[in-house]
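Engineer: here's my sequence, what's the structure:
(2 chains)
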Protein chains: 2
Amino acid sequence: MSVIHTAFVAGLSGGWRILRVDAVVGESLAMAGRLAVAGPGEAQSTATTGVQWRLDGATGHARYATRHELDTLGAVQQGLGRPEARCAALIPIRKNPAWWALAQDERRAILEEQSHHIAIGLEYLPPIARRLYHARELGQPFDFLTWFEYAPEHAEAFEELVARLRRSAEWQFVDREVDIRLVYDEPARQGAAG
Amino acid sequence: MSVIHTAFVAGLSGGWRILRVDAVVGESLAMAGRLAVAGPGEAQSTATTGVQWRLDGATGHARYATRHELDTLGAVQQGLGRPEARCAALIPIRKNPAWWALAQDERRAILEEQSHHIAIGLEYLPPIARRLYHARELGQPFDFLTWFEYAPEHAEAFEELVARLRRSAEWQFVDREVDIRLVYDEPARQGAAG
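Structural biologist: Residues are numbered from 1 along each chain as shown, chains lettered A, B, ... in the order given. This is a model prediction of the structure:
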């Protein structure tokens, strides 16, 4: 549960090739050739020439999940960096001021009791691995960055997962969302982001 | 509920005179003469000569409070920067890994149902104003910085408030705490940190 700072740097280098960058809600991000996922200490040494954009986030403790939910997730989830998980998505999201003005019980009720965010994610485990990065406190343009990894045969399941979340009550509070799809095309999978 | 970044800079300048710096749990911070509370954009221009230490934090949304609790707090609390509130305390706290490994429902139960953290703070409103800054995601040495302001006649009530919190179940998870006491001794109260 320690905080791990990670930088997603889009430009000319990095293990992931960017397939597309789509604006879902609000302003998009620039298209770029490749994405580097830089862990603590690596971000500063990342190439600065040709950088299109950089998004920073920090992992941390569970903001909404209960003990029962954490135990259930922990029992089935697998880590990032599986050799077969050569497909990835980076989905940065910003929520509107109305969301952030809600109390904790109100946000939890929308996120899980109404939108089943945690339960839906669980349905797609272990094939669709995910890691959530918090960015709001870092003064970033997005509040969250979610990184997903899956094998090509689970691409359809992944589309279903994101479509279900986007139809939820929680997503009515999303005022900016960009959907970046990537493929790992270097010979050796190095456990990026993980 | 927007995020406001603030820097607490201890050194030779600033509106607040530091009376004492006490380690409550773990390592202390260095004593210094004065403290500057620098809001967004001001932190970079803060004097760098003679700086003993600097702590950064960011305000944000309510992490534990329910709608009922937020409404109750909102009805009675007053802002920082009241002219009569010339006494202040800055209390940086770090919680241990066991705390951060807990689920949201477990942390809420310890913080409020067992320790009455929100209810105790409410008892001392409006005389003892407070603002919580989050620092964990910023890679800071503390997880939280709490800033308190009160008039001299409420100094005894303030001691009671901190003593009650330190006796709570929640405080068993605190593995570093420093208690910094200050007085505003410049002629014009400028609404520091406010």
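Engineer: contacting residues for A:Phe142?
Structural biologist: A:Leu55, A:Pro92, A:Ile93, A:Arg94, A:Ala135, A:Arg136, A:Arg176 (Cβ atoms under 8 Å, 6 or more residues apart in numbering or on different chains). For every residue, glycine as well, the C-beta is placed using N, CA and C.
Engineer: give the contact list for the second one.
Structural biologist: When you say that, I think you mean A:Pro92. A:Leu29, A:Leu55, A:Ala135, A:Pro141, A:Phe142, A:Phe144, A:Leu145, A:Thr146, A:Arg176, A:Glu177, A:Val178, A:Ile180.
Engineer: model confidence for the closest residue to it other than its chain neighbours, exactly?
Structural biologist: Among residues not flanking A:Pro92 along the chain, A:Phe142 sits closest, at 3.9 Å (Cβ to Cβ, 6 or more residues apart in numbering or on different chains). We have a pLDDT of 98 for A:Phe142.
Engineer: what about A:Phe142, which SS state?
Structural biologist: coil (DSSP: H, G, I helix; E, B strand; the rest coil).
Engineer: please name the nearest non-neighbouring residue to the spatially most central residue of chain A.
Structural biologist: Centroid-nearest residue in chain A, with Cα atoms, centre = their mean: A:Thr146, separated by 1.0 Å. In this structure, A:Thr146 finds its nearest non-sequential neighbour in A:Ile91, 4.9 Å apart by Cβ to Cβ, 6+ apart.
Engineer: give the pairing partners of the host helix or strand of that neighbour; include direction for each.
Structural biologist: Per DSSP states H and E, A:Ile91 falls inside strand A:87-95. If you go by DSSP bridges, strand A:87-95 pairs up with strand A:144-150 (antiparallel), strand A:174-184 (antiparallel).
Engineer: for the longest helix belonging to chain A, give me every contacting residue.
Structural biologist: The longest helix of chain A (DSSP state H) is helix A:155-166. Residues from elsewhere that reach helix A:155-166 (Cβ under 8 Å, 6+ apart): A:24, A:87, A:89, A:91, A:115, A:117, A:120-121, A:123-124, A:127-128, A:148, A:150, A:171, A:179.
Engineer: hang on, the earlier thing: shouldn't the residue nearest to the centre of chain A be in contact with A:Ala129?
Structural biologist: No - using Cβ atoms under 8 Å as the test, A:Thr146 is too far from A:Ala129 to be in contact (10.9 Å).
Engineer: list the contacts for A:His134?
Structural biologist: A:Gly57, A:Ala58, A:Thr59, A:Gly60, A:Arg63, A:Asp143, A:Phe144, B:Glu137.
Engineer: what about those, which are in strands?
Structural biologist: Among the contacts of A:His134, DSSP state E puts A:Gly57, A:Ala58, A:Phe144 in strands.
Engineer: would you show me how to pick out the buried ones of these in PyMOL?
Structural biologist: Selection of buried members from the ones in strands among the contacts of A:His134 for PyMOL, criterion 16 or more other Cβ atoms under 10 Å in any protein chain shown:
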select buried, chain A and resi 57+58+144
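Engineer: so the residue of chain A most remote from its centre: helix, strand or coil?
Structural biologist: Here chain A reaches farthest from its C-alpha mean at A:Thr49, the gap being 24.8 Å by Cα atoms, centre = their mean. Classification of A:Thr49 using three-state DSSP returns coil.
Engineer: once you drop chain neighbours, what's closest to it?
Structural biologist: A:Thr49's closest residue in space is A:Leu12 (Cβ to Cβ, 6+ apart), at 7.1 Å.
Engineer: point out the residues in chain A that sit beside chain B.
Structural biologist: Within reach of chain B by Cβ under 8 Å from any Cβ of the partner chain, chain A has these residues: A:1-3, A:5, A:58, A:60-70, A:97, A:100-106, A:108, A:134, A:136-139.
Engineer: quick one, the strand holding A:Ile91 and helix A:155-166 angle?
Structural biologist: Calculated by axes from the mean of the first three to the mean of the last three Cα atoms, to 10 degrees, strand A:87-95 forms an angle of 10 degrees with helix A:155-166.
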